[in-house]
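J.: sequence unavailable; structure follows:
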């Protein structure tokens, strides 16, 4: 990869984290990171204030609330990271398939193992003379086969 391509991929990754909340989520990964930093500052501030023993119960409750919020946000961050990784893998597979299709002829005249693996999900034998071919996109075709 040249420097421009590396730079573009880095900028895109940062923009995705900053701008794109995952479907069903209200916060982007960057929002979660900022919230964790804010809670960390609150925790540190509480720690400095909590030296007086007369308000110990109040501080204990506030520590518990901040700690619970931080734990929830950390779980949310890990969940979002996993989704981003899954999306990246899917994107890479789509790019690979797209590249393979660009180089392939529209008329398949011979068996090409790599094309078959990229396009097909599975082949199901329905009977001795009938199969069902399932493509990765979900399209299914039933086909009769002739004995040789």
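T.: Noted; the coordinates are in hand. Fair warning: this is a prediction, and the values are worked out from it, not measured in the lab.
J.: residue 29: neighbour count?
T.: 21 (other CB atoms under 10 Å). From N, CA and C alone the C-beta is placed, and that goes for glycine too.
J.: check residue 32 too.
T.: Neighbour tally, residue 32, other CB under 10 Å: 23.
J.: residue 46 now?
T.: By other CB under 10 Å, 16 other residues sit near residue 46.
J.: show me how the protein divides into domains.
T.: 3-103, 107-148 (automatic domain parsing).
J.: on the C-terminal side of the lengthiest helix in the chain, identify the next helix or strand.
T.: In the chain, assigned by DSSP state H, the helix with the most residues is helix 56-103. Later in the chain than helix 56-103, the nearest helix or strand by DSSP states H and E is helix 113-119.
J.: by mean pLDDT, point me to the weakest helix or strand of this structure.
T.: Between all helices and strands in the chain, the lowest mean by mean pLDDT, DSSP states H and E belongs to helix 3-19, at a mean of 69.
J.: residue ranges in the chain under the pLDDT threshold?
T.: The model of the chain has pLDDT under 70 over residues 1, 13-24, 52, 104-108, 148.
J.: distance from the centroid: which residue in it tops it?
T.: The outermost residue of the chain, judged against the average C-alpha position, is residue 54 (48.2 Å), by CA atoms, centre = their mean.
J.: what about that residue, which SS state?
T.: helix (DSSP: H, G, I helix; E, B strand; the rest coil).
J.: and it, how close does it get to residue 62?
T.: According to CB to CB, to the nearest Å, residue 54 stands 15 Å off from residue 62.
J.: what's the answer for residue 12, then?
T.: Residue 12 sits 40 Å away from residue 62, going by CB to CB.
J.: higher neighbour count, the two?
T.: More crowded of residue 12 and residue 62, by other CB under 10 Å: residue 62, with 17 against 10.
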